[in-house]
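S.K.: how would this look folded up:
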Amino acid sequence: MFWLLLACGDDPDVLLEGDDPAECTDGADNDADGLYDCNDEGCANSADCVGATDGLRDITLDYGPLEGDLNLFSPLYTIPPYTDIEHCYFVTYTGPDVAFTKGISYQHPDFGHHAVIQVGDPGVTYDMTGIGSDCYKAMVDFQWHPIIELVGAVQEGIGYGDYPEGMGYHLRSGTTIMLQSHHLNSSDEPLLVNDRFDMHFEDLDEVDYVAAPIEVGDDYFEITPGVFEHSFECQVDVAFNLAWISGHMHEWGKYQYIDLIKPSGESTRIYEVENWLDEYYFASPIADFLPQGVAVDVGDKIRVTCAWDNDTGETIYWPDEMCYSMGIIFPHSLGFVCNANGD
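M.R.: Residues are numbered from 1 along each chain as shown. Sure thing, here's the model as predicted:
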């Protein structure tokens, strides 16, 4: 069993939530009873919790038994009416170096968009003092690396991502982890929400390859009414093998292609979905290239083509729609990320 130190003492059997300052707002399950912060009875009379939910619609959820080797809990977040907002929460991994092989995210099914984790530079602890839950400042001031792609749905509100068998991300002790929570409140009430992310580890000597995600996307497009197609390219600056790749669009998606283009101009289609279905919003089809993988060399380009059928009568922009692809590459320790817009 691997452990993350989240303000826990040596003997979890005698800990109480809220017996130390700031424990009722740290997003941690300090007494290891499955409840945390204002959801735990130990914090019920805390000044941080008394009256904290007045005027809010409390839609926090009990996500069930803890699974995995490390469980990350977001603090309780307030989402104002008619807002699209991201919050970030930061912890430091203090266990042994491990291979992260599987992640499961939990969010309210009606208002959650995603709950994902990224990590800072390997083995480097970032000073997040003063950041609070400000995702924008964190993303501008610090370097982050994705370590998992959530492409499957256990059920609505619960997503998962598995590394291929024999592969895992090398998580080093001392690394800062960021839990990023994105919610969309389409109601006229302020909402109180909570998220959870479970991480599963293996010993490093149990995996054959260190692996990491690939993310290729573009957020600079305007989808006019009717059928609209958009393509962009990202050039690769490091060689790797592609284990699998998938696409991502929302409910107006019509079709999506991904092509690998060599410097000679030779093009190979590696992903093709001719009929994009509504359910692909949560779990899109995957093109699997294992056991050998697809070799991608320095100088190659990845071209992503997305098409939408915009029946709203108005222009649609990111993030209401997306043109995005993701997958797993090996052997690789940091992954490859490209935003065609350059942001």
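
S.K.: which residue ranges form the helices in this protein?
M.R.: Counting by DSSP state H, the segments of the chain that form helices are 135-141.

S.K.: Below-threshold pLDDT in it: ranges please.
M.R.: Scanning the chain with the threshold set as pLDDT under 70 gives 1-15, 21, 25-29, 32-36, 39, 44, 47-48, 50-54, 342-343.

S.K.: mind redoing it with 90?
M.R.: In the predicted model, the chain carries pLDDT under 90 at residues 1-56, 67, 84, 113-114, 130, 149-160, 219-220, 278-284, 318-320, 339-343.

S.K.: could you list every residue that touches residue 228?
M.R.: The neighbourhood of residue 228, defined by CB atoms under 8 Å, 6 or more residues apart in numbering, consists of 307-308, 310. The way it works is simple: take the backbone N, C-alpha and C, and place the C-beta from them, glycine included.

S.K.: Report the central residue of the protein.
M.R.: Centroid-nearest residue in the chain: residue 116, 2.1 Å away (criterion: CA atoms, centre = their mean).

S.K.: What's the local residue count around the nearest residue to that one once chain neighbours are set aside?
M.R.: In space, and not counting its chain neighbours, residue 116 is closest to residue 180: 5.3 Å by CB to CB, 6 or more residues apart in numbering. Residues near residue 180, counting by other CB atoms under 10 Å, number 22.

S.K.: same thing with residue 102?
M.R.: Neighbour tally, residue 102, other CB under 10 Å: 18.

S.K.: which residues touch it?
M.R.: Residues near residue 102 by CB under 8 Å, 6+ apart: 68, 148, 160-163, 199-200.

S.K.: From residue 65, how far off is it?
M.R.: As judged by CB to CB, to the nearest Å, residue 102 and residue 65 stand 16 Å apart.

S.K.: hmm, back to that, which one (most neighbours) among the contacts of residue 228?
M.R.: The most crowded member of the contacts of residue 228, judged by other CB under 10 Å, is residue 308 (26 neighbours).

S.K.: in the sheet, who's paired with that residue?
M.R.: When bridges are taken as DSSP bridges, the partners of residue 308 come out as residue 228, residue 253.

S.K.: Residue 149 against residue 329, yeah?
M.R.: No. Assessed by CB atoms under 8 Å, residue 149 is found out of contact with residue 329, at 10.8 Å.

S.K.: The closest residue to residue 16 other than its chain neighbours: neighbour count?
M.R.: Nearest non-adjacent residue to residue 16, counting by CB to CB, 6+ apart: residue 42, 5.0 Å away. If you count neighbours by other CB under 10 Å, residue 42 ends up with 20.

S.K.: got a list of what residue 42 touches?
M.R.: The contact partners of residue 42, by CB under 8 Å, 6+ apart, come to 16-19, 31.

S.K.: Tell me how far it lies from residue 181.
M.R.: 24 Å.

S.K.: cool, and residue 107?
M.R.: Look at residue 107 and residue 181: by CB to CB, they are 7 Å apart.

S.K.: All the strands of the stretch 101-250 of the chain, residue numbers only.
M.R.: Applying DSSP state E, counting those that start in this stretch to the stretch 101-250 of the chain gives strands spanning 112-119, 145-146, 152-155, 158-162, 167-171, 176-185, 191-193, 196-202, 209-210, 212-218, 222-223, 226-235, 240-248.

S.K.: Tabulate those (CSV), appending distance to residue 93.
M.R.: Listed next are these as CSV, based on distance: least, CB to CB, whole Å:
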stretch, distance to residue 93
strand 112-119, 8
strand 145-146, 13
strand 152-155, 24
strand 158-162, 18
strand 167-171, 6
strand 176-185, 6
strand 191-193, 24
strand 196-202, 9
strand 209-210, 16
strand 212-218, 16
strand 222-223, 40
strand 226-235, 30
strand 240-248, 24
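
S.K.: of all those strands, which lies closest to residue 264?
M.R.: Across the strands of the stretch 101-250 of the chain, residue 264 has its closest neighbour in strand 226-235 (14.2 Å, CB to CB).

S.K.: In stretch 289-299, which residues are buried?
M.R.: Neighbour counts over stretch 289-299 (16 or more other CB atoms under 10 Å) mark 289-290, 293-294, 296 as buried.

S.K.: That stretch: how far from the chain's middle?
M.R.: Relative to the centre of its chain, stretch 289-299 is centred 24 Å away, using CA atoms, centre = their mean, to the nearest Å.
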